[in-house]
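>>> Sequence and predicted structure are below.
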Amino acid sequence: MSPRQPKSAAAFVSLTALALLAMLIVWMQPQDTTRSNTGVTSLPPASPPTLAETKAIESTPTPTGPPVRIDFKLLDETKQPDARKMEVVYPSALEELDGRLVELVAFMAPFESLEDMSECLMLPAYVGCFFCAPPSFTQVVFVRQKHDGRPKKPFIEAPSLVTGTLRLLKPGSSDPAHEMEMIYVITDATVVPYDGSNAPARVPGHWQKENPRAAADAGLPEKPQPLPPMKPEDLVPVIAKLRGLEIKKPIKFTTYTPAELESAVEVRINSRRAAGGWAAHQRVWQTLGFADEKDDLRLVLRGLTLQRVIGYSNAAGDHIRYNGDLQLTQPATRLELVKVIAEALLRQNLDLRHLDTALHGDTNTDARLAATSVLQGDLMTTARLFAAHHRLRDPTPNASFAYFGGYPAAKTALLQLETLPWQMGPFFTEQFAPNGEPMALNDLLKKPPTTTAAIIHPIFHGRPQDCTPVEVASTFADALRDSKPIATGILGEAALLVWLENNSELGPHMSAADGWRGDRYAFWQDGTLLIETHWLDEDEAAEFHEASTAQRPDFTVIRRANSSIVHLIGGPEAKRAELQKRLQP
């Protein structure tokens, strides 16, 4: 079994995003030191370094010679082959600078408090609005400024020049920032306003009312301005060029009313299962803890979908319908339309029937999530290219997509499961097409991964020995009881991870789902659920067995000695005991 780290980089990326959002909220609100709970999720404060750590840091020889200029383009070349493990591969040019004096031009962001920047974060762009996407973990640099007698270091509004010693996260690192999985640390640093002619500027749409001079210097308007009007038809050639696709057929654009979009989403969700199949599926999801008994699962999924979808392309890629109530002059809305147009062009140029089979079938949840991940990874990459080309920050969907009322709220587990493709898809795509190369993107769509294990562990993609799952027969449980199951299906690594976390934050038990090699569930009319899971080896199975027993007391967990198979039994306690006797006589 491969060595594990106490935390995962995937969790770190999510926590970094939450922390930066929390910083923005605190930054933009009046400070109230009497409040003990702001209601904002943020990273826990860093533990102060121990005396040994402090001495180790301070005793490190100061490098000599002129500083070497680095930039975020170089930092972005660092790769993470596996989302579950904090193991990164640095480019050789960066490896050579570990422990050397470097300088970096960046924007300052608070780490703990805006009052003191002695320890701060440096980012490639000014984080100054709520629709801006948070940076990836390769775009966050932790800076510890040198002691110069001042009790506090001020916040610098303008682009800043950081000069100090670069420390890369490596096995055995003792720096407290590395303990928090900050992969880049610049220590013994000085930070001053950058006065060079090539200073980065804030992008259009950012408005800093607290500093009108800085806004004027950056060429920004006095107030936030919408994007220039643009017809959807005018976007097509721009997107085709960015994505390297031909316009083989004109694309017709028509609009939905909100009610028509709701109906279109309903039809797509209902098409996942045959008539009558949703009732059993909802009971399975309830037993797993993904859905509430009082809510119609299809209504919950419809509400979730309407929060992130503004329209659809038809299968031929020559007709797009989108919500006509939305304003395309808003950055978030325009980038969502860019994604719909990109999908239409993909359908004109590539055969996506294999993806559609997985996308619209729900008995194999694993394949559906994998197909959605690779498609969304492609579309979000195209939106990022468009945003960069037009100097827009790639925004996350905002409240303008969520005004459809009356839908029941999703449980945490279901929300995690259904939004995973939007989180992991771009991560997967970036490993193979870091700069959005059209040919590399096309190759991923032509031979896409079929499991979430390959999405979470990109290093497995294209390696049959690692990404080909064990096929558990759909009849595996038929002879275990007097009646046959009324439903069967496949969950996959991602769904088992969500099940394991049991409606809590993803992250603490991520390594326990590592090593998945296949599964299938069977569900009976009396509410009994059996899941047979296969693992890479005995150690992986033992780890999953231990975590499952601790995390899910509502399930009976069975693993025979020296076995790489773990069975999970959910449902009424008496029925669980009965089935356990059949499996473990």
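Thanks, I have it.
>>> any idea how far Gln416 is from the residue nearest the centre of the chain?
In the chain, the residue lying closest to the centroid (C-alpha atoms, centre = their mean) is Gln423, at 2.3 Å. Distance from Gln423 to Gln416, counting by C-beta to C-beta, to the nearest Å: 9 Å. From N, CA and C alone the C-beta is placed, and that goes for glycine too.
>>> Likewise for Asp482?
36 Å.
>>> repeat for Ala316
34 Å.
>>> Of these two, give the one with the bigger neighbour count.
With neighbours defined as other C-beta atoms under 10 Å, Ala316 and Gln416 compare such that Gln416 has more, 21 against 12.
>>> OK, contacts around the more buried one?
498, 501, 506 (C-beta atoms under 8 Å, 6 or more residues apart in numbering).
>>> tell me the least confident of those?
By pLDDT, Leu506 ranks lowest within these, coming in at 78.
>>> how close does the nearest residue to that one once chain neighbours are set aside get to Gly527?
Distance criterion C-beta to C-beta, 6 or more residues apart in numbering; nearest residue to Leu506, sequence neighbours excluded, is Gln416 at 5.8 Å. Distance of Gln416 to Gly527, given as C-beta to C-beta: 24 Å.
>>> Ok, Asn562 next?
As for Asn562, its distance to Gly527 is 32 Å (criterion: C-beta to C-beta).
>>> and these two? which has more neighbours close in?
Taking other C-beta under 10 Å, Asn562 and Gly527 do not tie; Gly527 has more neighbours (14 against 8).
>>> Just to be sure, His354 is in a helix?
Yes - the assignment for His354 (DSSP: H, G, I helix; E, B strand; the rest coil) places it in a helix.
>>> residues in contact with the residue nearest to Leu75 when sequence neighbours are not counted?
Leaving aside its chain neighbours, Leu75 sits nearest to Thr138 (5.4 Å; criterion: C-beta to C-beta, 6+ apart). Residues near Thr138 by C-beta under 8 Å, 6+ apart: 75-76, 78, 183-184.
>>> Got the confidence number for the closest residue to Asp116 other than its chain neighbours?
Closest residue to Asp116 apart from its sequence neighbours, by C-beta to C-beta, 6+ apart: Lys152 at 4.1 Å. We have a pLDDT of 87 for Lys152.
>>> I figured Lys152 was touching Glu112, is that so?
No - in this structure Lys152 lies outside contact range of Glu112 using C-beta atoms under 8 Å: 11.9 Å.
>>> Common neighbours of those two, please.
With contacts taken as C-beta under 8 Å, 6+ apart, Lys152 and Glu112 have no neighbour in common.
>>> Low-confidence regions, the protein specifically.
Within the chain, the ranges that satisfy pLDDT under 70 run 1-62, 64, 82-86, 125-135, 196-225, 362, 391-405, 464-467, 585.
>>> Strands of that one, residue ranges please.
68-69, 101-110, 119-123, 141-145, 160-168, 184-193, 252-256, 311-313, 319-323, 487-489, 516-523, 529-535, 556-558, 565-570 (DSSP state E).
>>> So which of the ones you listed is nearest Ala280?
strand 487-489 (4.0 Å; C-beta to C-beta).
>>> thinking in terms of the whole chain, how far from its middle is stretch 309-317?
23 Å (C-alpha atoms, centre = their mean, to the nearest Å).
>>> tell me how far the ends of it are from each other?
End-to-end span of stretch 309-317 (C-alpha to C-alpha, to the nearest Å): 17 Å.
>>> And for it, what's in contact with it?
Residues contacting stretch 309-317 (C-beta under 8 Å, 6+ apart): 249, 251, 256, 261, 264-265, 268, 319-323, 326, 333, 336-337, 340-341, 343-348, 356, 401.
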